[in-house]
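A.B. asks: I need the structure of the sequence given here:
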Amino acid sequence: MPFPLGLVDLLKAALRLYRACPRPFLVISAIVAIPAGALDIATTLSSSRPQGDTGRTATQLLIQFVPALLLSTIGAVAATIAVMDHLAGSRPSLSRCFEPVGERFWPLVGTLAVIAVAVVGSVVAAVTLLPMALVLALVVLTVYLFVMWLFAPQAAVIERRGVRAALARSRELVAGAWLSVFAVFVVIQAITLLAEVALTSVARPAEALSNNGEVILIGSWNVIVMIVVEPFALIALGLLYLDRRVRRDGGWQAVPERESAEPPI
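C.D. replies: From the prediction side, this is the model:
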């Protein structure tokens, strides 16, 4: 695949790669979407019951947010490894995708914790502070930090860097191209969101179902839609990471083989 990639070329390449090798990305997407979707259904069913205070609701949202954030990050890193293997000419396997994540789990968690605290802290501060100028400044800061640290999880796992080094590496990859990276990320997410909205609107629960039945049916359909649609976003973001490495470093190296390799999926 010829790097560097423009926006249109990157989107086309992501679609071609998905069509050429769908199975590993569907498996990765399912590993992320099923537990996250089950937790979302459970949270929705619980929140439909009478609540004693807002603290319980906030706790439920936190319980839902943290695992979903960790799972989505693990999925993004695993999908990037699958993209690298495919481009290197080898078929991705489940162990090849997730073993590096397991080996680098705590640096990944530490990196993600720093990003979450900075981004979520800025959002909370923006919501609770009244001066509009300060709110806008915090919103801009939140978006800026999110994009600057977009590739930190990949740097922590694939490039085997510590927390501070991973954050610095992501800033290095984004430096001088913040607007470009932001624009590509927004386009990828917009396409994915539109596809998910179009597919989720197909689900129409039967009138005989109870409220809980509707929640379970719609939630299950949403999980299926995520499993099918999200691989495109994961592949595109993986290609964006590799594109930034090519532009910054002149190329990238494949993830080393491991002794206990699982058969390709």
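A.B. asks: Would you mind listing the buried residues in the least confident helix or strand in the chain by mean pLDDT?
C.D. replies: None of the helices or strands of the chain scores lower by mean pLDDT, DSSP states H and E than helix 54-87, at a mean of 81. Using 16 or more other C-beta atoms under 10 Å as the test for burial, helix 54-87 gives 60, 64, 68-87. Just so you know, the C-beta spots here come from the backbone N, C-alpha and C atoms, and that holds for glycine as well.
A.B. asks: What helices and strands are in contact with it?
C.D. replies: Applying 3 or more C-beta pairs under 8 Å, 6 or more residues apart in numbering; DSSP states H and E, one finds that helix 54-87 contacts helix 7-20, helix 22-47, helix 94-103, helix 105-128, helix 152-157, helix 211-249.
A.B. asks: what's the closest of those to Ala195?
C.D. replies: Smallest distance to Ala195 across the helices and strands packed on helix 54-87 (C-beta to C-beta): 4.8 Å, for helix 211-249.
A.B. asks: low-scoring stretches of the stretch 1-150 of the chain, by residue?
C.D. replies: Along the stretch 1-150 of the chain, segments meeting pLDDT under 70 span 47-63, 126-127, 129-130, 133.
A.B. asks: wait, the stretch 151-265 of the chain
C.D. replies: For the stretch 151-265 of the chain (pLDDT under 70), the answer is 203-210, 256-265.
A.B. asks: could you redo the last one with a cut-off of 90?
C.D. replies: Per-residue confidence for the stretch 151-265 of the chain (pLDDT under 90) gives these ranges: 200-222, 252-265.
A.B. asks: And the helices and strands packed on helix 54-87: which comes nearest Gly176?
C.D. replies: Of all those, it is helix 211-249 that lies closest to Gly176, at 9.0 Å by C-beta to C-beta.
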